[in-house]
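K.L.:
Quick one, fold the following:
(one chain, ligands or ions: 2)
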Amino acid sequence: MTILGIETSCDDTSIALVKKNAEGFKILSNVVSSQIKIHAAYGGVVPNLAAREHLKNIEPCLKQALKEAKNPDIDLIAVTNGPGLIPSLLVGVNFAKALAYSWQKPIIGINHVKGHIYANWLDNPKIEFPVLALVVSGGHTQLVLMKEHDQYNLLGETRDDAAGEAFDKVAKLLGLGYPGGPIISERAEKGDSQKFNLPRPMIHRQNFDFSFSGLKTAVLYEVKKQNPEKINDQYINDMAASFQQAAIDVLVYKTIKAAKEYRVKNVILSGGVAANKELRNQLQKTVKKELNNVDFQMPEIKLCTDNAAMICAVAFHKKKPISKQSWLNVNANSNLKLFT
Ligand code: KG4
Ligand code: ZN
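P.N.:
Ligands and ions are numbered 1, 2, ... in the order given. Have a look, this model is predicted:
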């Protein structure tokens, strides 16, 4: 079975072809067209500009994806229908519907957050349940318990900014540009993570919720009280490292606590912030050290950020018979919940 995936929920246009065979999943193509250069000038994603770029890029992406995959027979079209920016989602959803109609193929709408979680199954189709997924992206920070495929129990989530959003905002206030995650992690490598004593918000609360806006504000106050002449490269590296470590401490602590409480067999990491090397290393090490007989999975870095192969991965694990889905029922929903 081969699925064509389409992802346009934010600022990446992506089309993928993924095939399932006896050994697992084979990514035949996974074309991603990034709009970073366009949005960087505005310090963040401008929704209408993103939609315009998706419209320009989606057809060339499809052509390239089909060519790289050597034009396979397609059994199903899977498209991200939420959550995300509505102008962006509408481009992908309407493009997918037009393809489904003209090619006479079934179509299914896929939740973007589930896509991030299922990126883990592309590498390893035999992940054992129960699974605890830490989803950390630009729009979401969630701890999700899965007892079986396509079943999600939200244990906790951020009450304000998402982890990736905090990386982006801190980078902006340090004058590092957009997107902040990759730049903060690069600068943090050269900094001292103990230099500034930043808060670890909500770390001692009993629940599994997060909060990152106070951490960002703490960075802002530190920077404001500093003599501007002393804000040099080393100061920025130290601040980036201290902020990154504070965010990682909270993410790792709460994930380990939830994994113990729910006695999971696997901890999986996903979402754009999962591309962060320190988070990858520290969570992996802590799972190994503190949890007996629990495995740890994370997607390869290029499958952490938005891409359409992860959307195909969700479609392969749907319980409902896909042939019964009609293109009329697939609609964009910017607030789509994990359970729909
Ligand atoms: O999952 P994603 O591609 O898009 C959303 O669904 O939001 O995540 C994008 C987010 C951005 O906030 C970006 O700054 C962050 O992921 N990110 C990182 C890294 N690479 C991307 N954050 C920390 N470290 C990184 N290396
Ligand atoms: Zn995403």
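K.L.:
What strand or helix carries the nearest residue to Gly115 once chain neighbours are set aside?
P.N.:
What sits nearest to Gly115 in space, not counting adjacent residues and going by C-beta to C-beta, 6 or more residues apart in numbering, is Met310, at 4.1 Å. No exception for glycine: its C-beta is placed from N, CA and C like everyone else's. Assessed by DSSP states H and E, Met310 sits inside helix 309-316.
K.L.:
quick one: that helix near ligand 1?
P.N.:
No: using C-beta under 6 Å from any ligand atom, helix 309-316 never reaches ligand 1; the gap is at least 9.4 Å.
K.L.:
For that helix, C-alpha coordinates in CSV please.
P.N.:
Taking Å, rounded to 0.1, in the frame of the first residue of the first chain, the C-alpha atoms of helix 309-316 are listed here in CSV:
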residue,chain,number,x,y,z
ALA,A,309,6.0,11.5,5.5
MET,A,310,4.8,11.7,9.2
ILE,A,311,1.3,12.4,7.9
CYS,A,312,1.4,9.2,5.9
ALA,A,313,2.6,7.3,9.0
VAL,A,314,-0.6,8.3,10.9
ALA,A,315,-2.8,7.2,8.0
PHE,A,316,-1.2,3.7,7.9
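K.L.:
what pairs with the helix or strand that contains Gly5, and is each one parallel or antiparallel?
P.N.:
According to DSSP H and E, Gly5 maps onto strand 2-7. Sheet pairing here is set by DSSP bridges, and for strand 2-7 it gives strand 12-21 (antiparallel), strand 76-82 (parallel).
K.L.:
among those, which is nearest Ile236?
P.N.:
The closest of the strands paired with strand 2-7 to Ile236 is strand 12-21. By C-beta to C-beta, the value is 27.3 Å.
K.L.:
In the stretch 51-200 of the chain, which residue sits closest to ligand 1?
P.N.:
Gly181 (2.1 Å; C-beta to the nearest ligand atom).
K.L.:
number of nearby residues for that residue?
P.N.:
26 (other C-beta atoms under 10 Å).
K.L.:
quick one, what contacts Leu251?
P.N.:
Residues near Leu251 by C-beta atoms under 8 Å, 6 or more residues apart in numbering: 134, 136, 141, 163, 210, 279, 283.
K.L.:
Next step: those residues restricted to strands.
P.N.:
Of those, the ones assigned to strands by DSSP state E are 134, 136, 141.
K.L.:
nearest to ligand 2, of those residues?
P.N.:
Among the ones in strands among the contacts of Leu251, Val136 lies closest to ligand 2 (C-beta to the ion), at 9.9 Å.
K.L.:
Kindly confirm whether my reading is correct that that closest one touches Ile268.
P.N.:
No: taking contacts as C-beta atoms under 8 Å, Val136 lies outside contact range of Ile268: 11.5 Å.
K.L.:
got the buried residues for the helix-or-strand element of the chain with minimal mean pLDDT?
P.N.:
Least confident helix or strand of the chain, by mean pLDDT, DSSP states H and E, is helix 36-40 with a mean of 92. Using 16 or more other C-beta atoms under 10 Å as the test for burial, helix 36-40 gives His39.
K.L.:
ok, the residue of the stretch 201-340 of the chain found nearest ligand 1 to Gly181 distance?
P.N.:
Using C-beta to the nearest ligand atom, the point where the stretch 201-340 of the chain gets nearest to ligand 1 is Gly272, with a distance of 2.0 Å. Plainly put, Gly272 is 6 Å away from Gly181 if you go by C-beta to C-beta, to the nearest Å.
K.L.:
Mind listing the shared neighbours of these two?
P.N.:
Taking C-beta under 8 Å, 6+ apart as the contact rule, Gly272 and Gly181 both touch Gly164.
K.L.:
How about the residues of the stretch 201-340 of the chain by ligand 2?
P.N.:
Contacts of the stretch 201-340 of the chain with ligand 2, taken as C-beta under 5 Å from the ion, map to Asp306.
K.L.:
just the helices in the stretch 201-340 of the chain please.
P.N.:
213-225, 233-261, 277-290, 309-316 (DSSP state H, counting those that start in this stretch).
K.L.:
tell me the angle the longest one makes with helix 213-225.
P.N.:
For helix 233-261 against helix 213-225, the angle between stretch directions is 160 degrees (axes from the mean of the first three to the mean of the last three C-alpha atoms, to 10 degrees).
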